[in-house]
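Q: Structure for this input, please:
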Amino acid sequence: MAITDRVSIGLRSQLLRQLNHWEGAAERLDDFEATASEEAWASLERYVGVTLRGGLKDARDQLKREAVAVRASFNAVHSRSDLERVADQVALLRKRYLQTELLVDFYVAAVRARANPEVGLQLRACDVMAERTVRGALEPLTMKSPPIMTYFTTGVGASILRIGTKLWDGSLSPIAAIRLTYHNRFRTTSLFHECGHQFAGLTGWNEAFAEAVRTRLAGASSEIVETVVSWSSEMAADSFAFAYSGYAAVVALSDVVAGRGAEVFRFLIGDPHPISYLRVQLGVEMCRRFYGMGPWDELASSWQQLYPLRNAPPFSQPIVKAVLPLLPRIVDAALLTAMPCFRGKTLAELVDPQRAAPAALREMERKAGGSAFTSSHWIWNECVRLTALTGLRYATEPEKGPEILKQQEDWMIKLGDMTAKAA
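A: Residues are numbered from 1 along each chain as shown. Reported below is the predicted structural model:
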């Protein structure tokens, strides 16, 4: 080595120490996986766990290869300029490590959420329902459902990291990861909303729906049309949740987004979520279109009483006034418009909202003869519609609310246990 001056020798020593640190950290990243117990990993469906572990290993292996390349560059140093070049590489290795660590920690933390046995079984039940809803909508299109993992966290709203999403380290998510909230874990219609996002991402529905909205709203002001179009991805997901769980999805959404004063009229430019007031009224319009009169009319009336439009902020008030009469046309675009991405079918033909109609759910309950929430047959075959039934009962029988949610909790645990034994 030709480096002999004191400054370069000091720089080389600094770089060697830093390289040792980040190279070692990359090696020890394997230990992260072990912070989630084998029991927690085992609570995932096997193909989901295998896919996820494979993706995490690929990310760690890529980081290690990069560390090896930096080590080779360091060993080949012959001048101060070489040292400066390696210093940049070490800095990049540090950045890449932190990106990969964030990726690994995200997924492993989601798996650790299953450490508690009962929570693990509840999440297994959510995994089953997620897979059923996405697969059920994709099968008529001869498309394959992706591996899906659910997990619980704190907070207000659910979210999804869709399969194929670009991750912090530049790799693509090997699975779909759906974040559900603890406060809503027995009212899981938000799960179906997030599944709608995954379904839309796989089929290209968001783009097709945006165009359908433009077509259906022809004649309205272009500014209003484009505002509604900016909400299309969230309205699509709400429509998907409605198709699978009917009024339960609407009333659960209402309970989450309800606020005080002008909060429900808040409009944020660039936010893909519709104004909360409009979002709830859109759900009510879906119920009216498919089910006629019902408890959703009372929900709409209560929102109108609690949140008079005159109290809306000056900026959002004209938007709400302009969009309200357009809601029936938006429902048509979402559920009753044939889409090229659906092979000429409508969403309502792929997922029939009538199966979640109150009358259909009550008939299912009658046929079950009191065993709808206890029979392995009903739980296994009708878990999605049982969730819709629970949501309907929770909305219309609030005096029995705690009892109804306990029933949902019990059968979810039973469903999770059934999947665990079948694994």
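
Q: any idea which residue sits dead centre in this structure?
A: The centre of the chain sits closest to Ile160, judged by C-alpha atoms, centre = their mean, with a distance of 2.5 Å.

Q: correct me, but that one touches Leu180?
A: No: in this structure, Ile160 is not within contact of Leu180 by C-beta atoms under 8 Å, at 9.9 Å. C-beta here means a position set from N, CA and C on the backbone, and glycine is covered the same way.

Q: burial of the residue nearest to the residue nearest to the centre of the chain when sequence neighbours are not counted, as a residue count?
A: With C-beta to C-beta, 6 or more residues apart in numbering as the criterion, Ile160 has its nearest non-adjacent residue at 4.1 Å, and that residue is Glu194. Neighbourhood size, Glu194 [other C-beta atoms under 10 Å]: 28.

Q: hmm, back to that, for the residue nearest to the centre of the chain, give its distance to Pro140.
A: Counting by C-beta to C-beta, to the nearest Å, the gap between Ile160 and Pro140 amounts to 22 Å.

Q: how about Val50, what does it touch?
A: Contacts for Val50 were tallied using C-beta atoms under 8 Å, 6 or more residues apart in numbering; there are none.

Q: Can you give me the pLDDT of it?
A: According to the predicted model, the pLDDT of Val50 comes to 92.

Q: Where does it fall, secondary structure wise?
A: Secondary structure from DSSP states H and E places Val50 in helix 46-75.

Q: Give the buried residues for that helix.
A: Taking 16 or more other C-beta atoms under 10 Å as the neighbour-count basis, helix 46-75 is seen to contain the buried residues 48-49, 51-53, 55-56, 59-60, 62-64, 66-67, 70-71, 73-74.

Q: could you check the distance from Gly369 over to Ser376?
A: The spacing between Gly369 and Ser376, counted by C-beta to C-beta, is 14 Å.

Q: got it, and Asp30?
A: Distance from Asp30 to Ser376, counting by C-beta to C-beta: 40 Å.

Q: same thing with Gly10?
A: The separation that Gly10 has from Ser376, given C-beta to C-beta, amounts to 71 Å.

Q: Who has more neighbours out of the two?
A: Counting neighbours by other C-beta under 10 Å for Gly10 and for Ser376 shows that Ser376 has the greater number, 13 against 10.

Q: Let's verify Ala36: helix, strand, or coil?
A: Assigned with DSSP: H, G, I helix; E, B strand; the rest coil, Ala36 falls in the coil class.

Q: What sits closest to it if chain neighbours are left out?
A: Here the nearest residue to Ala36 in space, its sequence neighbours aside, is Val111; by C-beta to C-beta, 6+ apart that works out to 4.1 Å.

Q: Can you mark which positions in the helix or strand harbouring Arg96 are buried?
A: Under DSSP H and E, the secondary-structure element containing Arg96 is helix 80-112. Residues of helix 80-112 classed as buried under the neighbour-count rule (16+ other C-beta under 10 Å) are 82-83, 86-87, 89-90, 93, 96-97, 99-101, 103-104, 107-108, 110-112.
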